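Q: Everything below, folded, please.
(chains A and B)
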Amino acid sequence: MRNLIGDDMVLIRKFEVEFLQQAKLSVAKIVQLYGREQFSEIKEEAHFLKTSAKAVGAEQVADLLETLEGNALEKAKEKCKQGIVLISRSLKQVYGAVKYES
Amino acid sequence: MKAKPINIASRHPQVVMIFDQEEDIHGAVEILSAQFDQYRAIAMNAETTNFLMATKPAVVLFALKSVAKSIEYYAKLVEQSKLVHPHYSVVLCSNKESAVAFRCCMKGLFDNYFVHQPLYEKYRLVMIVHNGIARSSFGNKVNEFNEENFEEMDEKLVQLINEGSDCKKALLAKVEQSREDIIKVTENYQPQPEQQKLSPQELLAQVTQEHVKPLLSILENDIRSGIDNMITQMMEAQTSVKEQENKAKGLVTHVPFIKEKQRDNEAKNMETSLEDDSAAEALLAKNPLVKDAETNSQNRILVVEDNALYRDMLVNVLSKENFVIDEAEDGLCALKKIRQFDFDLIIMDLFMPKLDGLNVTKKIRQASGGKDIPVIALTGNKNKDLIRKWAAFGLKGYIIKPSTKEEILSSVSRVFSTDAVH
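A: Numbering: from 1, shown residues only, chains lettered A, B, ... in the order given. A predicted model of the protein is given here:
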């Protein structure tokens, strides 16, 4: 993120918090779509959140979202379920890191 | 001459200065009490620690007799977990101790230092405290995302997924049971004379249509409404988070502008055709930044990106270079703005809801009355075929998301350099 917006710590914190807020809503939406088996929409939402994850430097979350995109494309329901749980856990780690740095 | 008494400004201060002797801190006190309402200076004694724990100030300034004493006291506070809330620590020192204070900050003990004996840079002190308050407030916002919140969300996710799975299993079991029942009924069925014309398959189809499908429909609706209710509960719990998000959005500078005179270079033909790989590759090549801040302020850029967070980042990068920025969250919104305002450049996401990049570009050409507004694509991958398809409609470059500041400014600069040559 420093490569994009520089060393302004206040701005970096602002975008990290915004990412966590966005991720929370986005994961809830993905679960809703999973319940309805709307796999192409899951792929779109995962792609959307992946952009943010890459932008803030949450690489593990971005990788998991890319995997979810692939599984949603193949309509692999069980793998999607596992992916959603892993993404949720990884987001918690991001939250922990942001909290620690603050 | 007798010193003025210390100003005690607030019972619940945001900014607290701890001192040994009043006369040592007189200059700093005057500056801070004039600038910050929620400010207080307290002498170090047996009650100081309790006071800090009770008031939880955002900024704590240590103005003790020596830096060593400030280190000793602050380390004690941290070791004994007396100062655990998000805060910004500043050590005040004399000029001769400035090197020690600097090293303390470099090692991360204090967040900042300030030379107050002699006191020359009063605005720097105000700036340090102001930044400290801002940083602490973000620390508090992060804390609002507490562990329980995430645990609860995790449990609900798993519960939701399992319930969905259970519902499907139950549904399939019922369908199977119904099928077996139908087969039994069909086997035992003695047709009436007028019904003898129906074959078993036809009868099965008829029963499926009249009985099984309505049953499936009812079960599906039950599952959907159950899951929808749970999602609604989760969304309601996030209302406060949305409010925070809206507040945070307000921090980004947004620069709207009104339509001005028709531009002289309206008839300018800037169409670019990228018909082969080498031309597509050329879009990636880096050019030096040639625009200075004064020139940038004359250029107007529309940023079209459905992801608000990434859009905010781009707006931030470009605004700092003095470009005049407007933003749109999807293709339709972008077209509305293009019809209202003149832009020198459009930076647009390739994949967007409502209207994708290619169709927006086509419509831009129609909406701009033949004027060739340069477009830079934002894309998550290097899809050259798609980029080439776009190129026919005036694509001037593309940015792989998320790029660095230098890559973004280089792409923008390249467009304006080409524009200037024409």
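Q: How many neighbouring residues does A:Leu20 have?
A: The tally of other residues near A:Leu20 (other Cβ atoms under 10 Å in any protein chain shown) stands at 25. Any C-beta I mention is one placed from the backbone N, CA and C, and that applies to glycine too.
Q: On the pLDDT front, check it for me.
A: Per-residue pLDDT puts A:Leu20 at 91.
Q: element containing it, please.
A: Per DSSP states H and E, A:Leu20 falls inside helix A:9-35.
Q: for that helix, packing partners?
A: helix A:2-5, helix A:39-56, helix A:77-101, helix B:122-144, helix B:147-188, helix B:213-237, helix B:239-249, helix B:308-320 (3 or more Cβ pairs under 8 Å, 6 or more residues apart in numbering or on different chains; DSSP states H and E).
Q: Let's see that with 7 Å instead.
A: Under the contact criterion of 3 or more Cβ pairs under 7 Å, 6 or more residues apart in numbering or on different chains; DSSP states H and E, helix A:9-35 touches helix A:39-56, helix A:77-101, helix B:122-144, helix B:147-188, helix B:213-237, helix B:239-249, helix B:308-320.
Q: how far off helix A:9-35 does the last one point, in degrees?
A: What it means is helix B:308-320. 150 degrees (axes from the mean of the first three to the mean of the last three Cα atoms, to 10 degrees).
Q: With just CA atoms, put helix B:308-320 into CSV.
A: C-alpha atoms of helix B:308-320 as CSV (Å, rounded to 0.1, in the frame of the first residue of the first chain):
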residue,chain,number,x,y,z
ALA,B,308,-14.9,2.5,-3.5
LEU,B,309,-11.7,1.7,-1.6
TYR,B,310,-9.5,1.4,-4.7
ARG,B,311,-11.2,4.4,-6.2
ASP,B,312,-10.4,6.4,-3.1
MET,B,313,-6.8,5.4,-3.4
LEU,B,314,-6.6,6.5,-7.0
VAL,B,315,-8.3,9.8,-6.2
ASN,B,316,-5.8,10.3,-3.4
VAL,B,317,-2.8,9.6,-5.6
LEU,B,318,-4.0,11.9,-8.4
SER,B,319,-5.3,14.7,-6.1
LYS,B,320,-1.8,15.0,-4.6
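Q: which strands and helices sit next to the following helix or strand past that helix?
A: Moving toward the C-terminus from helix B:308-320, the next helix or strand (DSSP H and E) is strand B:324-328. Judged by 3+ Cβ pairs under 7 Å, 6+ apart, the packing partners of strand B:324-328 are strand B:300-304, helix B:308-320, helix B:331-340.
Q: would you list those in TSV and tack on distance to chain A, mean pLDDT and mean neighbour count?
A: Below are the helices and strands packed on strand B:324-328 laid out as TSV (distance: least, Cβ to the nearest Cβ, whole Å; pLDDT from 0 to 100; neighbours: other Cβ atoms under 10 Å in any protein chain shown):
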stretch	distance to chain A	mean pLDDT	mean neighbour count
strand B:300-304	14	92	24
helix B:308-320	5	90	22
helix B:331-340	15	85	18
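Q: can you tell which of the ones you listed is closest to B:Ile161?
A: Taking Cβ to Cβ as the criterion, helix B:308-320 is the member of those that comes nearest to B:Ile161, at 26.5 Å.
Q: and the closest one, how far from the chain's centre?
A: How far helix B:308-320 lies from its chain's middle: 10 Å, per Cα atoms, centre = their mean, to the nearest Å.
Q: ditto for stretch B:104-122
A: Worked out by Cα atoms, centre = their mean, stretch B:104-122 lies 32 Å from the chain centre.
Q: likewise stretch B:64-83?
A: Centre-to-centre, stretch B:64-83 and its host chain are 36 Å apart (Cα atoms, centre = their mean).
Q: Okay, buried residues for it please.
A: Of all the residues in stretch B:64-83, those buried under the rule 16 or more other Cβ atoms under 10 Å in any protein chain shown are B:64, B:67, B:70-71, B:73-74, B:77, B:83.
Q: Could you do stretch B:94-104 as well?
A: Buried residues in stretch B:94-104, counted by 16+ other Cβ under 10 Å: B:97, B:100-102, B:104.
Q: Can I get it in CSV? Just the C-alpha atoms.
A: What follows is stretch B:94-104, C-alpha atoms only, in CSV (Å, rounded to 0.1, in the frame of the first residue of the first chain):
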residue,chain,number,x,y,z
SER,B,94,16.3,20.4,26.3
ASN,B,95,18.5,21.1,23.3
LYS,B,96,21.4,19.2,24.8
GLU,B,97,19.4,16.1,25.2
SER,B,98,17.8,16.2,21.7
ALA,B,99,20.2,13.4,20.4
VAL,B,100,19.1,11.1,23.2
ALA,B,101,15.4,11.9,22.6
PHE,B,102,15.9,11.3,18.8
ARG,B,103,17.4,7.8,19.5
CYS,B,104,14.6,6.9,21.8
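Q: Run through who's touching it.
A: Residues outside stretch B:94-104 that contact it (Cβ atoms under 7 Å, 6 or more residues apart in numbering or on different chains): B:66-67, B:71, B:91, B:93, B:110, B:113, B:115, B:117-118.
Q: Make a markdown table from the residues you listed and add secondary structure, pLDDT and distance to chain A to it.
A: Converted to a markdown table, the contacts of stretch B:94-104 look like this (DSSP: H, G, I helix; E, B strand; the rest coil; pLDDT from 0 to 100; distance: Cβ to the nearest Cβ, whole Å):
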| residue | secondary structure | pLDDT | distance to chain A |
| --- | --- | --- | --- |
| B:Ser66 | coil | 93 | 29 |
| B:Val67 | helix | 94 | 24 |
| B:Ile71 | helix | 94 | 23 |
| B:Val91 | strand | 95 | 19 |
| B:Cys93 | strand | 94 | 23 |
| B:Phe110 | coil | 94 | 15 |
| B:Tyr113 | strand | 95 | 17 |
| B:Val115 | strand | 93 | 23 |
| B:Gln117 | strand | 87 | 28 |
| B:Pro118 | coil | 90 | 30 |
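Q: Report the two of those separated the most.
A: Across the contacts of stretch B:94-104, no pair lies farther apart than B:Ile71 and B:Pro118, at 22.1 Å, counting by Cβ to Cβ.
Q: Mind putting the helices and strands packed on strand B:324-328 into JSON lines with distance to B:Tyr39?
A: Below are these laid out as JSON lines (distance: least, Cβ to Cβ, whole Å):
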{"stretch": "strand B:300-304", "distance to B:Tyr39": "40"}
{"stretch": "helix B:308-320", "distance to B:Tyr39": "31"}
{"stretch": "helix B:331-340", "distance to B:Tyr39": "45"}
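Q: among these, which is nearest B:Lys169?
A: Among these, helix B:308-320 sits nearest to B:Lys169 (Cβ to Cβ), with 38.6 Å.
Q: Please name every helix or strand in contact with the closest one.
A: Against helix B:308-320 (3+ Cβ pairs under 7 Å, 6+ apart) you get helix A:2-5, helix A:9-35, helix A:39-56, strand B:300-304, strand B:324-328, helix B:405-421.
Q: run the last query once more with 6 Å
A: helix A:2-5, helix A:9-35, helix A:39-56, strand B:300-304, strand B:324-328 (3 or more Cβ pairs under 6 Å, 6 or more residues apart in numbering or on different chains; DSSP states H and E).
Q: any low-confidence regions in chain A?
A: Applying pLDDT under 70 to chain A flags residues A:102.
Q: got the CA coordinates for stretch A:61-68 in CSV?
A: The C-alpha trace of stretch A:61-68 is given here as CSV (Å, rounded to 0.1, in the frame of the first residue of the first chain):
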residue,chain,number,x,y,z
VAL,A,61,-6.8,-12.9,1.6
ALA,A,62,-6.3,-12.0,-2.1
ASP,A,63,-4.9,-15.5,-2.9
LEU,A,64,-7.9,-17.2,-1.1
LEU,A,65,-10.3,-15.0,-3.0
GLU,A,66,-8.7,-15.9,-6.3
THR,A,67,-9.0,-19.6,-5.3
LEU,A,68,-12.7,-19.0,-4.5
